[in-house]
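> Quick one: sequence plus predicted model below, questions after.
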Amino acid sequence: MSEQFKLRWPVDSRTITQYFGENPHIYARYNQAGHEGLDFRAPVGANVYACADGQVLDVRPNRGNAYGLHVRLQHVVGGREYQTIYAHLSRALVSAGQQVAAGDLIARAGMTGHTYGPHLHLTLKLIGAKTLGYPDGVIDPLPYLQDEAPPQTDLIVYTTAGVRLRARPTTVSAQLAWLDEAEPLTVLGGAGAADEARAKIGQHGEWIHVQRADGMIGYVAAWYLQLAQPEPVTPTEPEPEPDLPDEMAVYATEALNVRNGPSTGSSRIGIALPHQPLILVGDWAEALPKVGDRSEWLHVHLPDGRRGYVAAWYVQLTPGPAPEKLLVVYPVQDMNFRERPTVRAKRIGRLAHNTPLVVNDDPARALALVGRYDEWLYVRHPQPPEDEWGWVAAWYVSSTPT
Ligand SMILES: [Zn+2]
């Protein structure tokens, strides 16, 4: 793990009086989208500390400029150059070229330059970054401010493509880094954050607060993330052991939810029936001992080819009986066919009124759900090879044509 860039609080006060991006009407005259840094409560003469280890780039006098007397520090961390600017000072206590450590006293706060009263203004630059509407390099310092970063959850997510890590949860915010495909990211947040993140995975317009392995914190578009670690690309397959089968199937002991992550909090993506083989993903010899274990999950291929997770304590090694006949339901009006069992999930098709739909679930269990609000049924699309399986709202179907 390489170093991560962190900002210590530059003043003793813990009050921020103006955040990044606030008051766009005031900053329009500087051709900026809003406030380009953080303002901290600080009376004239208050101590101003270096936010990080670094070197003094320059100390600029109060000569009619907006920042008044200000100090600029340079910080090179993990191969990236950051700069911090401390503005509206009454006095500078360092000079250009001097090395400073995080927490060193470098200046006294004041009210020089364009300001309505005494405070410390802090600007953060990441050289090479660009926040739309702000000068080159200027980024929001808040994610870097120590004690402001939320705690890590134990959820790891993976990028599905090369994608930007951004300072804020919007495509117009600064790009902090370029993430490679399949890069692991730790989801940040307090209680419930991991479950919230799981629900957002794959959803267009949603963002997830994450930390990269090197410590950098930012936001990633949820529609470029997945829960499962991608299989490493192996250019040459090793010779298979002659005595062992290439793949091993397990079977649900009852109609079983298939989820997109190894926990009951993960989204349902399908249902497995007792007679349908679930092929174990990866090294089946490793997965097999987990069968029946109450705390384990198994990564499997669904009969429709997709992958998901099933609770290891609801599977067995032998197939159960196939149901005599699966339940058929009928939309009571034209309705959506969705990727997952939630109205927020991607719509993958439209189904006409009274289209017969075969429900992939235990017929008795499925029948009990028909007509119930907030329940979903996993059904086969009437016209494969469109996305063959998907979800319909149980409260828009009937067990007989209407
Ligand atoms: Zn300011």
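Structure's in. What do you need?

> Tell me the residues on the protein that lie near the ion, please.
Residues of the chain lying close to the ion (CB under 5 Å from the ion) are 39, 121. Glycine gets a C-beta too; all of them are placed from N, C-alpha and C.

> Nearest to the spatial middle of the chain, which residue is it?
residue 208 (2.6 Å; CA atoms, centre = their mean).

> Kindly give the local confidence score, pLDDT, for it.
Per-residue confidence (pLDDT) for residue 208: 94.

> can you give me the helices for this structure?
24-27, 193-200, 284-287, 363-369 (DSSP state H).

> chain center to the third one: distance?
I take that to be helix 284-287. Relative to its parent chain, helix 284-287 has a centroid offset of 30 Å by CA atoms, centre = their mean, to the nearest Å.

> Identify the residues contacting the residue of the chain found nearest the ion.
Taking CB to the ion as the measure, the chain has residue 121 as its residue closest to the ion, at 3.4 Å. When contacts are counted by CB atoms under 8 Å, 6 or more residues apart in numbering, residue 121 touches 37-40, 67, 85-88, 115.

> Quick check: the gap between it and residue 87.
Counting by CB to CB, to the nearest Å, the gap from residue 121 to residue 87 is 4 Å.

> Spell out which residues are contacts of both of those two.
37, 67.

> Tell me how this protein divides into domains.
Per automatic domain parsing, the structural domains of the chain span 16-144, 152-226, 249-316, 328-398.

> So, low pLDDT: which residues of this structure?
For the chain, the stretches with pLDDT under 70 are 1-3, 147-149, 172-174, 232-245, 384-387.

> Scan it for its longest strand.
In the chain, taking DSSP state E as the definition, the longest strand is strand 80-92.

> correct me, but residue 33 touches residue 140?
No. Using CB atoms under 8 Å, residue 33 is not in contact with residue 140, being 11.5 Å away.

> Start and end of stretch 186-206, how far apart?
16 Å (CA to CA, to the nearest Å).

> wait, stretch 288-306
Note: stretch 288-306 ends 20 Å apart using CA to CA.

> next one: phi and psi at the residue of the chain positioned farthest from its centre?
Outermost residue of the chain with respect to the C-alpha centroid, by CA atoms, centre = their mean, is residue 63; its distance is 44.8 Å. Dihedral angles of residue 63 (phi, psi; degrees, to the nearest 10) stand at phi -130, psi 60.

> rewinding a little: can you pick out the residue with more neighbours from residue 33 and residue 140?
Neighbour totals were compared for residue 33 and residue 140, and residue 140 leads with 24 against 16 (other CB atoms under 10 Å).

> Now do the phi/psi pair for the more buried one.
In terms of degrees, to the nearest 10, the main-chain angles of residue 140 are phi -70, psi 120.

> Tell me how far it lies from residue 106.
Distance from residue 140 to residue 106, counting by CB to CB: 22 Å.

> burial count for the residue nearest to residue 400 when sequence neighbours are not counted?
Nearest non-adjacent residue to residue 400, counting by CB to CB, 6 or more residues apart in numbering: residue 330, 6.8 Å away. Burial of residue 330 is recorded as 18 neighbouring residues (other CB under 10 Å).

> what's the answer for residue 38, then?
Using other CB under 10 Å, residue 38 is surrounded by 23 other residues.

> need the contact list for it.
By CB under 8 Å, 6+ apart, the contact set of residue 38 is 16, 18-20, 121-122, 141-142, 145.

> again, only using 6 Å
Counting by CB atoms under 6 Å, 6 or more residues apart in numbering, residue 38 touches 16, 122, 141.

> Pretty sure the residue nearest to residue 400 sits against residue 399.
No. With contact defined as CB atoms under 6 Å, residue 330 does not reach residue 399; the gap is 7.7 Å.

> so where do the strands sit in the stretch 1-150 of the chain?
All strands of the stretch 1-150 of the chain, identified by DSSP state E, counting those that start in this stretch, fall at 16-18, 38-40, 47-49, 54-60, 69-77, 80-92, 99-100, 105-109, 120-126, 138-139.

> Partner strands of the last one, with direction?
Okay, so that is strand 138-139. With DSSP bridges as the test, strand 138-139 is paired with strand 120-126 (antiparallel).

> May I have the partner strand exported as CSV, CA atoms only?
The C-alpha trace of strand 120-126 is given here as CSV (Å, rounded to 0.1, in the frame of the first residue of the first chain):
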residue,chain,number,x,y,z
LEU,A,120,-8.8,31.0,6.7
HIS,A,121,-9.5,30.1,3.1
LEU,A,122,-7.9,26.8,2.0
THR,A,123,-7.5,25.8,-1.7
LEU,A,124,-6.4,22.3,-2.7
LYS,A,125,-4.9,21.6,-6.1
LEU,A,126,-4.0,18.2,-7.6
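
> Lovely, talk soon.
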